[in-house]
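In: This is the structure alone, sequence omitted:
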Ligand code: SAH
């Protein structure tokens with residue numbers, strides 16, 4: 001189903017589209033819509049990739065939080081695990097999983113530049129033999145049915161929508177297989193109207209943890225663990241390193257309108273998070289497939 005060039009497995013169709021990284025809020029809907037139409041090219045996707053490729057990660061998260069989730073999932077100590085890390089980016093979570101577990105991991109993303117960096121990082125961490133980068137769309141994972149012990153996905157499932165992703169990925173898990181994903185979550189029952197309006201517009205699926213767990217249950221999963229990502233996963237691990245790249249990025253692109261718009265959209269998103277972080281964040285959801 002796929003063929004190999006260098007270290008990266010490519011799908012013959014070469015899906016390429018929709019920004020998958022935390023797309024600036026103003027653009028998220030646009031790319032989401034394009035992506036739903038079947039992954040056509042997007043003009044400034046290269047600009048987005050260039051802003052994110054050098055980052056330690058392409059979305060909020062942290063190594064300690066990845067390890068906490070895999071402990072909640074009961075994975076340490078198990079042997080010969082088959083894992084798919086979906087929307088892996090440059091591999092922040094992939095490397096933690098590869099180092100912590102006895103596992104082979106298929107690392108799936110549709111941005112070849114991210115996968116190339118992941119392949120380099122896997123080699124320098126000595127885990128290249130257990131990590132296979134795979135260029136594919138998360139909407140059509142080229143994996144055999146019931147082949148995975150674990151599907152992992154940090155900061156990525158929103159690209160196809162939480163419910164659609166949960167429903168679509170279930171078939172790739174073995175009975176009792178583990179799904180571990182992070183997803184935008186309301187942290188309180190109520191929230192300021194401006195925040196509610198923003199996310200209702202940009203990602204209408206945002207919900208409380210109770211609502212997300214109900215989705216998991218509706219689709220044949222039993223929730224086994226949840227925790228909200230601490231603020232440092234957003235600020236120290238994702239936004240601050242990005243802010244430090246802004247000046248170099250703008251210089252590199254001659255302060256073009258498109259590059260400035262992208263940076264401005266990121267700045268707005270950062271300001272929104274800083275203001276409202278008590279109300280909204282990422283939840284880490286760990287669930288077991290009910291056979
Ligand atoms: N898991 C990584 C990256 C999160 S950013 C981390 O935590 O750092 C979201 C990732 O999803 C990006 O790397 C983006 O390229 C990828 N992505 C977005 N839409 C996708 C799609 N339709 N198919 C495959 N990957 C996609």
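Out: Everything's here; your move. Computed from a prediction, not measured in an experiment: that's the story for all the values here.
In: List the contacts of residue 147.
Out: Residues near residue 147 by CB atoms under 8 Å, 6 or more residues apart in numbering: 82, 172, 174. C-beta: built from backbone N, CA, C; applies to glycine.
In: no no, residue 168
Out: So residue 168 contacts 139, 141, 160 (CB under 8 Å, 6+ apart).
In: What of residue 216?
Out: Contacts of residue 216 (CB under 8 Å, 6+ apart): 166, 179, 222-223, 285, 287.
In: let's go with 6 Å and repeat that
Out: Contacts of residue 216 were listed using CB atoms under 6 Å, 6 or more residues apart in numbering, and they are 223, 287.
In: Spell out which parts of the chain neighbour the ligand.
Out: For the chain, the residues in contact with the ligand (CB under 6 Å from any ligand atom) are 18, 20-21, 35, 57-59, 61, 87-89, 92-93, 109-111, 114, 137-139, 154-156, 159.
In: now with 5 Å?
Out: With CB under 5 Å from any ligand atom as the criterion, the chain meets the ligand at residues 20-21, 57-59, 61, 87, 89, 92, 109-111, 137-138, 154-156, 159.
In: Among these, which lie within helices?
Out: Among these, DSSP state H puts residue 92 in helices.
In: Could you check the pLDDT of the residue lying closest to residue 143 once chain neighbours are set aside?
Out: Taking CB to CB, 6 or more residues apart in numbering, and ignoring the residues beside it in sequence, residue 143 has residue 172 as its nearest neighbour in space, at 4.8 Å. We have a pLDDT of 98 for residue 172.
In: now residue 172: how far from residue 104?
Out: 15 Å (CB to CB, to the nearest Å).
In: Which one's more surrounded, these two?
Out: More neighbours surround residue 172 than the other of residue 172 and residue 104, with 20 against 16 (other CB atoms under 10 Å).
In: so that one sits right up against residue 140, yeah?
Out: No. Using CB atoms under 6 Å, residue 172 makes no contact with residue 140, being 11.3 Å away.
In: just for the stretch 151-291 of the chain, where's the confidence low?
Out: For the stretch 151-291 of the chain, no stretch has pLDDT under 70.
In: make it 80
Out: Within the stretch 151-291 of the chain, the ranges that satisfy pLDDT under 80 run 291.
In: hey, where'd the strands end up in it?
Out: Ranges of strands in the stretch 151-291 of the chain, per DSSP state E, counting those that start in this stretch, are 173-186, 207-208, 221-228, 280-289.
In: Show me which positions of the first one end up buried.
Out: Spelled out, it's strand 173-186. 173, 177-186 (16 or more other CB atoms under 10 Å).
In: what residues are up against residue 244?
Out: By CB under 6 Å, 6+ apart, the contact set of residue 244 is empty.
In: how far away is it from the ligand?
Out: Going from residue 244 to the ligand by CB to the nearest ligand atom, to the nearest Å gives 17 Å.
In: ok, which stretches of the stretch 151-291 of the chain are helices?
Out: For the stretch 151-291 of the chain, helices defined by DSSP state H, counting those that start in this stretch occupy the ranges 162-169, 193-202, 209-218, 231-234, 240-252, 257-276.
In: in terms of contact, does residue 208 touch residue 186 like I think?
Out: Yes. Between residue 208 and residue 186 there is a contact under CB under 6 Å: 4.7 Å.
In: What about the residue nearest to residue 189 when sequence neighbours are not counted, how many residues nearby?
Out: The shortest distance from residue 189 to any non-neighbouring residue, by CB to CB, 6+ apart, is to residue 208 (6.9 Å). By other CB under 10 Å, 14 other residues sit near residue 208.
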